[in-house]
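**Student:** okay, here's the prediction I keep looking at, along with the sequence it came from:
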Protein chains: 4
Amino acid sequence: MIKEGDLVLLSVPGGQTYLVEAGRRSFQTHRESFDLSALLGRPFGTVLTGTKGGKCFALKPTIYDFLMKLKRVTQIIYPKDVGYILLRLDVGPGKTVLECGTGSGSLLLALAFAVGKEGRVITYEKEPRFQEVAKENLKRFGLEEQVIFKNEATGRFEEREEVDAVFLDLKTPWDLLEAAWWALKPGCPLGVLLPTANQVSQTLKTLEDLPFAHTQVLEIMLRFYKTNPERFRPEDRMIGHTAYLLFTRKVLPEENPPEGGPDAD
Amino acid sequence: MIKEGDLVLLSVPGGQTYLVEAGRRSFQTHRESFDLSALLGRPFGTVLTGTKGGKCFALKPTIYDFLMKLKRVTQIIYPKDVGYILLRLDVGPGKTVLECGTGSGSLLLALAFAVGKEGRVITYEKEPRFQEVAKENLKRFGLEEQVIFKNEATGRFEEREEVDAVFLDLKTPWDLLEAAWWALKPGCPLGVLLPTANQVSQTLKTLEDLPFAHTQVLEIMLRFYKTNPERFRPEDRMIGHTAYLLFTRKVLPEENPPEGGPDAD
Amino acid sequence: MIKEGDLVLLSVPGGQTYLVEAGRRSFQTHRESFDLSALLGRPFGTVLTGTKGGKCFALKPTIYDFLMKLKRVTQIIYPKDVGYILLRLDVGPGKTVLECGTGSGSLLLALAFAVGKEGRVITYEKEPRFQEVAKENLKRFGLEEQVIFKNEATGRFEEREEVDAVFLDLKTPWDLLEAAWWALKPGCPLGVLLPTANQVSQTLKTLEDLPFAHTQVLEIMLRFYKTNPERFRPEDRMIGHTAYLLFTRKVLPEENPPEGGPDAD
Amino acid sequence: MIKEGDLVLLSVPGGQTYLVEAGRRSFQTHRESFDLSALLGRPFGTVLTGTKGGKCFALKPTIYDFLMKLKRVTQIIYPKDVGYILLRLDVGPGKTVLECGTGSGSLLLALAFAVGKEGRVITYEKEPRFQEVAKENLKRFGLEEQVIFKNEATGRFEEREEVDAVFLDLKTPWDLLEAAWWALKPGCPLGVLLPTANQVSQTLKTLEDLPFAHTQVLEIMLRFYKTNPERFRPEDRMIGHTAYLLFTRKVLPEENPPEGGPDAD
């Protein structure tokens, strides 16, 4: 049953959705006004009728909805990419994952959701304002417990061969590839988000001299369709690009490990 | 450290990978022979040298690798779709998910991985041979505990308003939309995999008369790139289509629920 | 040299273009005012300086520009599709092509351009208002000579085995497949524009019983890229869909031709 | 009527096509043998019956078929790109177009077809073997009259402000951008084919210092669909990439023209 303070996804005809907090108040769309107090004590899935007779549905929000509705102060990572990243980085219950940088916390939400109470996400972000927003987003969705925030270290992470996966989402990821190597358990995956082709080239070039193997680069395109069964066809417009994704795995060099290790100071 | 019986992903130059069981034996590619016993007691990430001097890397397999390397007796669901389905269906630690049908168990592996020890996956499959392969795949990857197998019921599932998400992957999913409604908790998501446009139309048409809301249809395309930093460009060939994906949510009708409920007998 | 009445494509920084008629007047963008009389007697390619110091270039308009800038009263066919249609329908100098319906005349412009003075385009359109706009567009670009306008005939065209290609762009193209067969020279191509998957299915179904062969269906996607050489990447948004294209060829039945022939009355 | 020496496109069930010369001989597919002499004096579109009872259709080949069936010694340009290039470069009856390099002559065929008897195509190629194959392809399709072959000049073309469009298809197109500028009439279009992102960046960078305007970069993707009306869906596999296309236009500098002009010697 829905109770005061619960997040509810209101779905109105036409496809728009709104993530709202249940309580004794009304909610305005540009067409209608809905009395949210009518939801209290009622199950999810309940239909609300607005003051002008319009309907909306009170859906149970999913992690997908959280990703789409979080507060944004940076470019976010979209679900089409997030879902694939989780599989590639082997993110599941109990895992320890490191990401840098946090941004608005979109991937972070999904990582925290996926590792669960037994897992742990370490997230580096040098910009205090982004950290605040990411914390706010985590708290709103009840996922703050699994997450440890750190300020971006210069050229290295505090972790040593202890994380199951690393994800880099910053402008110059090539600066942190060695740092990622040192943080990762051997044989484990690294993912990198790269908006431009130039960044992909630079990252690939830097990787050539580092002990990583099985590098792959790809992009994911998602196209929505209109849902009229008599006129089934793609939507007229779609997102053309979010970012290229690069995945690789830490291997053990036969000779010397890369720089930036524990003796580096 | 790698021990006998552990699964290891061998990555050879050129990009091919092989999922093998560690042990006192050798492994043949079409070019090389590798002595796997050299891996025992060594960490993941170790480099192996073949009898002709070729190298390979012993990577830690991820859920992505399991999805790509499972034994197949049916068309599988690919990671680009699986990752997105998990987010849309809100599949995470502790959730209860129902899928029909099991097939070779590709989505099932990811569902079982994602719900973890606290979660549960109920999977329906009428074809005993597919069930056997799916069980074998789960066992190989150590994910059998979370899964309950059931034979496909005729037009309904045994569960009543108790699962957090339902996924349908069968030829005539419109036959089980009412069954899915009854199994789902209110406000929760249903996903459907549909290879053809005709199946999408038929499913959309059937949904029009059922208490579901916020229906969306989409397709995901994934394109790999060549990893030469001086000649960055997409691969010449790509997968053109796997399936359309449909997502919707159970809502509560203002009047009568659909047919197929507990009083249906 | 540019003279009064010539069409000029003005290109301003930022990528916008405007198709204008040269003359003794000024042209306003939302930022600038350009004195077009400065172009008279000057070559294409000339740079104009606006009253606030902004620049624009006076480019020679191409058939591509005409397609993008024509007056629209209907959905148009886009260059990505038009270019491919021309090749598939073998449209070149001296050919005779039949299209139905005319719409705003976007494909018509390209057909008239491609067949040249020696060629001929016959275009059917039942809606007088669309015909007027199409004629206006043709006249503006100096391509009216090659075109014969006809009002849509009921279920048949006046031509008999005399056109080199037929293109159908109307809601129910299956109604005119027999008519297209009769108009076409044997062995020659038919193209059909189909916005929805349902229309494709219906057309394919109807074709099964008609003497056409080598049917293919496809869609074309075009993605623009940002042109910053240091940050090369696709544009954020793109057109997701215009239409499916179907191509087939008229063959000669071993027994009876389809209905609608000269003896039909 | 088909006569000896005519090119005929044989289409067999399953979708394969063969471009053959009509004559007194038989043609073997891997399944059937067809007596081609049965076509002489018969119209295009005729059905042939093989010795085992299989059928094939004798279609009239189009420029599209020529592009797909030409003899290849290099990577060719595909119809999806060719059709769009023609529109962008304003190639129609009577135009003069310059391309460099010729390669196997795929774009060349389309250019020669489109400019017609009144037009002219100048094509530069330094590799004599490619020139030979391109000439052979043109001759086979009866398009050699419109074409002038030249050996690649070092850094410049012989033409001066006299061609309506230029297309560059070589490894280092940035070396010939100034040459293209000098060959083009002012305000007219230049197109460049670029397989890799690095080449696009390099070309964009070089263009920044040259008098060209309205530069656009794009890629075109084409996806075929299965033609079963009851199971309409994309083909499983598709071409993932051919090349990026860049288009720009020559403008007149307010001060000095680029190097490489008539006084350059």
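**Tutor:** That came through, no problem.
**Student:** any idea which residue is closest to the centre of chain A?
**Tutor:** Nearest to the mean C-alpha position of chain A, by C-alpha atoms, centre = their mean, lies A:Leu107 at 1.6 Å.
**Student:** enumerate every residue touching the nearest residue to it once chain neighbours are set aside.
**Tutor:** Of all residues not flanking A:Leu107 in the chain, A:Ile77 sits nearest, at 4.6 Å (C-beta to C-beta, 6 or more residues apart in numbering or on different chains). Bear in mind the C-beta positions are built from the backbone N, C-alpha and C, glycine included. Contacts for A:Ile77 (C-beta atoms under 8 Å, 6 or more residues apart in numbering or on different chains) come out as A:Ile85, A:Gly103, A:Ser106, A:Leu107, A:Asp169, A:Leu193, A:Thr242, A:Ala243.
**Student:** from these, which is closest to D:Arg233?
**Tutor:** Relative to D:Arg233, the closest of the contacts of A:Ile77 is A:Thr242; by C-beta to C-beta it sits at 25.7 Å.
**Student:** helix, strand or coil for that closest one?
**Tutor:** Secondary structure, DSSP: H, G, I helix; E, B strand; the rest coil: A:Thr242 is coil.
**Student:** so what's the closest residue to it other than its chain neighbours up against?
**Tutor:** Nearest non-adjacent residue to A:Thr242, counting by C-beta to C-beta, 6+ apart: A:Tyr78, 5.2 Å away. Applying C-beta under 8 Å, 6+ apart to A:Tyr78 gives the contacts A:Leu67, A:Ser106, A:Leu222, A:Ile239, A:Thr242.
**Student:** ok, now A:Gln199?
**Tutor:** Counting by C-beta under 8 Å, 6+ apart, A:Gln199 has contacts A:Lys171, A:Pro173, A:Tyr244.
**Student:** count of neighbours near the residue lying closest to the last one once chain neighbours are set aside?
**Tutor:** Residue nearest to A:Tyr244 in three dimensions, not counting chain neighbours: A:Leu194, with 4.6 Å by C-beta to C-beta, 6+ apart. The local packing of A:Leu194 (other C-beta atoms under 10 Å in any protein chain shown) involves 23 other residues.
**Student:** measure A:Leu194 to A:Leu108 for me?
**Tutor:** To A:Leu108, A:Leu194 is 18 Å away according to C-beta to C-beta, to the nearest Å.
**Student:** what of A:Arg24?
**Tutor:** Separation of A:Arg24 from A:Leu108 (C-beta to C-beta): 32 Å.
**Student:** between the two, which one's more packed in?
**Tutor:** For A:Arg24 versus A:Leu108, neighbours defined as other C-beta under 10 Å are more numerous around A:Leu108 (29 against 9).
**Student:** tell me the secondary structure at the more buried one.
**Tutor:** Following three-state DSSP, A:Leu108 is assigned to helix.
**Student:** output the set of residues of the stretch 101-250 of chain A in proximity to chain D.
**Tutor:** Counting by C-beta under 8 Å from any C-beta of the partner chain, the stretch 101-250 of chain A comes close to chain D at A:Ala197, A:Asn198, A:Val200, A:Ser201.
**Student:** surely the second one meets C:Arg231?
**Tutor:** I take that to be A:Asn198. Yes. Here A:Asn198 lies in contact with C:Arg231, judged by C-beta atoms under 8 Å, at a distance of 6.2 Å.
**Student:** with neighbour numbers in mind, choose between the two.
**Tutor:** A:Asn198 (19 against 13).
**Student:** contacting residues around the more buried one?
**Tutor:** C:Glu230, C:Arg231, C:Phe232, D:Ala197, D:Ser201.
**Student:** where's it relative to A:Ala243, distance?
**Tutor:** 13 Å.
**Student:** swap in A:Ala38?
**Tutor:** For A:Ala38, the distance to A:Ala243 equals 42 Å [C-beta to C-beta].
**Student:** looking at these two, which one has more neighbours?
**Tutor:** More neighbours surround A:Ala243 than the other of A:Ala38 and A:Ala243, with 20 against 15 (other C-beta under 10 Å).
**Student:** does any bit of the longest strand along chain A sit next to chain C?
**Tutor:** For chain A, the longest strand by residue count, based on DSSP state E, is strand A:212-226. Yes. Counting by C-beta under 8 Å from any C-beta, chain C is contacted by strand A:212-226 at A:Arg223, A:Phe224.
**Student:** compute the inter-axis angle for that strand and strand C:212-226.
**Tutor:** Between strand A:212-226 and strand C:212-226, the angle comes out at 110 degrees (axes from the mean of the first three to the mean of the last three C-alpha atoms, to 10 degrees).
**Student:** is strand A:212-226 up against chain B anywhere?
**Tutor:** Yes. Strand A:212-226 reaches chain B (C-beta under 8 Å from any C-beta) through A:213-226.
**Student:** just the buried members of the residues you listed?
**Tutor:** In terms of neighbour count (16 or more other C-beta atoms under 10 Å in any protein chain shown), the buried residues within those are A:Ala213, A:His214, A:Thr215, A:Val217, A:Leu218, A:Glu219, A:Ile220, A:Met221, A:Leu222, A:Arg223, A:Phe224, A:Tyr225.
**Student:** can you list the neighbours in contact with the longest helix along chain A?
**Tutor:** Counting by DSSP state H, the longest helix found in chain A is helix A:128-140. Around helix A:128-140, the neighbours that count as contacts under C-beta under 8 Å, 6+ apart are A:7, A:66, A:70-74, A:101-105, A:108-109, A:112, A:123, A:125, A:144, A:147, A:149, A:151.
**Student:** perfect, that will be all.
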